[in-house]
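> Quick check, what structure comes out for this input:
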Amino acid sequence: MTMPASRPPDRLPQGMSTEKYARLRAEAKAPYRGLRRVVYLTVGASAAIGAFIMITQGLAGRATADLGVNLLIQFGVLGTAGLLLWLESRGQS
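Numbers count the residues shown, from 1 in each chain. Predicted coordinates:
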């Protein structure tokens, strides 16, 4: 038997508010959502910093032979992290 998300249950556990119960139900539906968001943001920030450093080294003339491949990898990681973060926030409703 499932309950609609907008309606509080008929009987709450003793000593629990409806807000806390709703938060716990949301966490049960999507466990570790906050942790996943932190991981996506951290990975995206790392890729952005890495790409920035590679671009500045390339502009300074200290580029290595595989700069283009490494930049593609950094932008791919950044795009993937952004996509995952977007999908995560989209499914929150």
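
> C-alpha only now, for contacts and for neighbours.
Fine.

> Pull the distance from the helix or strand hosting Arg36 to the chain's centre.
Arg36 belongs to helix 33-59 when assigned by DSSP states H and E. Between the centre of helix 33-59 and the centre of its chain there are 12 Å (CA atoms, centre = their mean, to the nearest Å).

> Quick check: what element follows it along the chain?
As assigned by DSSP H and E, the chain's next helix or strand after helix 33-59 is helix 67-90.

> Can you name every helix or strand that that next one contacts?
Here helix 67-90 touches helix 33-59, going by 3 or more CA pairs under 8 Å, 6 or more residues apart in numbering; DSSP states H and E.

> and the helix it packs on, average pLDDT?
In this model, helix 33-59 carries a mean pLDDT of 94.

> Repeat that for stretch 77-91.
Per-residue scores along stretch 77-91 average to 92.

> Contacts only, for Glu88.
33, 37 (CA atoms under 8 Å, 6 or more residues apart in numbering).
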